[in-house]
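Engineer: 3D, please:
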Amino acid sequence: MQDKQYCVYIMMNKWDTTSYIGMTSVLPARTAQHKAKAVEGFTKKYNINKLVYYEVYETAYDAIAREKQLKRWSRKKKVDLIKKVNPNFKDLSQDWKG
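Structural biologist: Here you go, the predicted structure:
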């Protein structure tokens, strides 16, 4: 039995103008890394620090496939997806229930 969960997530900057899509098996720790700017790269450069959307998957394969799909979407389509569950772009990192 597998109890590991894989998450596809979308984070944005405080102005909701720049987004980042990622995949992880440790969402709380990964969002904390983004917020602390602990890793050099896109999220640090563009101040991506707000978790606005996530989906949970049972397998890494499914999560990676979904991550790739979302990365191909237009900005409008991504924003529409986020607005369905988080219309105010609230930071969901404090609400993580895993």
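
Engineer: what's the neighbour count on Lys4?
Structural biologist: Neighbourhood size, Lys4 [other C-beta atoms under 10 Å]: 9. Where you see a C-beta, it was placed from the backbone N, CA and C, and this is true even at glycine.

Engineer: what residues does the lengthiest helix in the chain touch?
Structural biologist: Assignment by DSSP state H gives helix 60-72 as the longest helix of the chain. The set of residues external to helix 60-72 that reach it, using C-beta atoms under 8 Å, 6 or more residues apart in numbering, is 6-8, 10, 21-23, 25, 55, 57, 78, 81.

Engineer: After that helix, which helix or strand is next?
Structural biologist: Moving toward the C-terminus from helix 60-72, the first helix or strand encountered (DSSP states H and E) is helix 75-85.

Engineer: Nearest the geometric middle of the protein, what residue?
Structural biologist: Geometric centre of the chain, nearest residue: Tyr9, 2.1 Å, by C-alpha atoms, centre = their mean.

Engineer: so which strand or helix has that one?
Structural biologist: Tyr9 belongs to strand 6-12 when elements are defined using DSSP H and E.

Engineer: Each with direction, which strands does that strand pair with?
Structural biologist: Sheet pairing of strand 6-12 (DSSP bridges) gives strand 19-24 (antiparallel), strand 50-57 (antiparallel).

Engineer: when you compare where the first one runs with where helix 60-72 runs, what's the angle?
Structural biologist: For strand 19-24 and helix 60-72, the angle between their directions (axes from the mean of the first three to the mean of the last three C-alpha atoms, to 10 degrees) works out to 170 degrees.
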